[in-house]
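*Asks:* Curious how this folds, go ahead:
(one chain, ligands or ions: 1)
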Amino acid sequence: MEFIIDTADLAAIRRIVEYFPVTGVTTNPTIIARENADFKALLVAIREAIGNLQLHVQTTATKAEDIVAEAEALHDLLGDPFFIKIPIDAEGLKATKILSQMGIGVTMTAIFTPQQALMSALAGATYVAPYVNRLDNICADGSGVVEEIVQIFDNYAIDAKVLAASFKNVEQVHKAALAASHAVTINPELFDQLICHPLTDAAVAGFTSDWKKVYGEKTVQDLI
Ligand code: E4P
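*Replies:* Here you go, the predicted model:
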């Protein structure tokens, strides 16, 4: 499963890329606006920070021709691997058909139903992004929707990948993994929570204290 960072916070991106096994960064207009920075400079800095990892940037255009023009401009600016995020609607589908012919990757976003995902994939999207937490918020079973999309893609041997998004806790990520989501995009704080456990802390504290009783402050390297 791919893990992607859902933020435009440069310091957080640099930290997560250094420590965690990640395949890219996703943004959306809300995430970008949160940084309150020069848009172009921010995206260029993110590209510099992530090197050849994926960068997913969302369009703000609503007509297919304008979406295609934005995607081309962003692709020229940022280079590959690049994916234009397009909210699912008819104009978005039309743009996806054109962009996939041009070889520009599309991540269809704001997906809430398996049929939206299926139509996006058939139009040529590389990724479809169902919003797990927003579905859970209305008692609509976010991981269940992820599972159904994966199942439908399997049924028809569709190459598109599920990039589950909008996570708020570890349990949601765990359920997406059980549902065989191909990828998840999560915020930096959730990366830390995924590997945290009080029993791990207790185990390490025990190892340290037992070691010090015999070897004091000496390290393994001091003794070999
Ligand atoms: C990412 O692709 C989505 O835009 C994002 O995960 C949505 O998250 P939210 O529901 O927390 O805004």
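
*Asks:* Show the residue spans covered by the helices in this protein.
*Replies:* All helices of the chain, identified by DSSP state H, fall at 10-19, 29-35, 39-50, 64-78, 90-102, 114-123, 132-137, 142-155, 170-178, 188-194, 198-215.

*Asks:* For the fourth one, which helices and strands make contact with it?
*Replies:* So that's helix 64-78. Contact analysis of helix 64-78 by 3 or more Cβ pairs under 8 Å, 6 or more residues apart in numbering; DSSP states H and E lists helix 39-50, strand 54-58, strand 82-87, helix 90-102 as its packing neighbours. (C-beta placed from N, C-alpha, C; glycine too.)

*Asks:* For residue 211, which of the ones you listed is the nearest?
*Replies:* If you check each of the helices and strands packed on helix 64-78 against residue 211 by Cβ to Cβ, helix 39-50 wins as the nearest, at 37.2 Å.

*Asks:* Can you mark which positions in that closest one are buried?
*Replies:* Of the residues in helix 39-50, 42, 43, 45, 46, 47, 49, 50 count as buried by neighbour count, 16 or more other Cβ atoms under 10 Å.

*Asks:* Cross-check the contact I'm expecting between the third one and residue 10.
*Replies:* Yes: applying Cβ atoms under 8 Å, one finds residue 45 in contact with residue 10, separated by 5.7 Å.

*Asks:* per-residue pLDDT, residue 175?
*Replies:* On the pLDDT scale, residue 175 is placed at 98.

*Asks:* Give me the number of neighbouring residues for residue 36.
*Replies:* 7 (other Cβ atoms under 10 Å).

*Asks:* so how far is the ligand from it?
*Replies:* Per Cβ to the nearest ligand atom, to the nearest Å, residue 36 is found 17 Å from the ligand.

*Asks:* Check what pLDDT that residue gets.
*Replies:* Looking at residue 36, the pLDDT reads 98.

*Asks:* Now do the contacts for the most centrally placed residue in the chain.
*Replies:* Nearest to the geometric centre of the chain sits residue 185, at 2.4 Å (Cα atoms, centre = their mean). Going by Cβ atoms under 8 Å, 6 or more residues apart in numbering, residue 185 touches 3, 4, 5, 6, 26, 56, 129, 163, 164, 165, 167.
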